[in-house]
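1. Starting from these lines, generate the structure:
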Amino acid sequence: MTAGVIIVLILVGLPLLAWWVGGRRFWNRLTPGRGPDPWGDLMRSHRLSTSEAMTVQTAVSKGTALDDERLRRAAVDLAEETLGQLQLWPENGTRAQRVMTLLFVVWAVLLVAGTVFALAFGGLSDVPWFGLLPAMVAFVSPIWMRRTTRRAIELNSGPPSVTPVQP
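-> Numbers count the residues shown, from 1 in each chain. Below you'll find the model as predicted:
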């Protein structure tokens, strides 16, 4: 009987206790090492609603201009923050991020060398296609993102473009 009560307390009581303790408000104050929140800072500093923030995000990711001046300033700020994060070598990154970047660069160099060797001495059947395709995506997508982000900065930095109305 005692063993049954202990098992029920463990199976029911511990999850309920964890749920109760996890829902307390004081856990929100205990985040001293909280990392930066660029998205939240952007929304607060420019006083954006959720729909406006998504409009800004879409404009930056597509590299398009916005009409509202407040949204244009927010788009430029977000694009500059994004460009800072798209650097090849993480300047303010942790040691783990730098090691992973170095390993990625070494992997890419070895993959290119292996592909050149396979083409020179073997043929198309010896090319490591399963490694080449992800490498191309990994190299092309940041270049594409940098290009569209710079375009968003250029389009949203100046005065809004007025398109003439055709009669």
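2. Could I get the buried residue list for stretch 148-161?
-> 148-149, 151-153, 155-156 (16 or more other C-beta atoms under 10 Å). For glycine as for every other residue, the C-beta is placed from the backbone atoms N, C-alpha and C.
3. correction: stretch 132-145
-> 135, 145.
4. coming back round to it: now the buried residues of stretch 148-161 as CSV including secondary structure, distance to residue 110 and pLDDT?
-> Below are these laid out as CSV (DSSP: H, G, I helix; E, B strand; the rest coil; distance: C-beta to C-beta, whole Å; pLDDT from 0 to 100):
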residue, secondary structure, distance to residue 110, pLDDT
148, helix, 30, 92
149, helix, 30, 90
151, helix, 33, 92
152, helix, 35, 90
153, helix, 35, 90
155, helix, 39, 90
156, helix, 40, 89
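5. From these, pick the one nearest residue 20.
-> Residue 20 lies nearest to residue 149 out of the buried residues of stretch 148-161, by C-beta to C-beta, at 45.2 Å.
6. got the contact list for the closest one?
-> Counting by C-beta atoms under 8 Å, 6 or more residues apart in numbering, residue 149 makes contact with 60, 63, 79, 82-83, 86.
7. and what of residue 79?
-> By C-beta under 8 Å, 6+ apart, the contact list for residue 79 reads 60, 149-150, 152-153, 156.
8. ok, back up a step: any chance of the contacts of residue 149 in JSON lines, with distance to residue 95, secondary structure and pLDDT too?
-> Formatted as JSON lines, the contacts of residue 149 follow (distance: C-beta to C-beta, whole Å; DSSP: H, G, I helix; E, B strand; the rest coil; pLDDT from 0 to 100):
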{"residue": "60", "distance to residue 95": "30", "secondary structure": "helix", "pLDDT": "89"}
{"residue": "63", "distance to residue 95": "34", "secondary structure": "coil", "pLDDT": "89"}
{"residue": "79", "distance to residue 95": "28", "secondary structure": "helix", "pLDDT": "89"}
{"residue": "82", "distance to residue 95": "24", "secondary structure": "helix", "pLDDT": "84"}
{"residue": "83", "distance to residue 95": "23", "secondary structure": "helix", "pLDDT": "84"}
{"residue": "86", "distance to residue 95": "20", "secondary structure": "coil", "pLDDT": "75"}
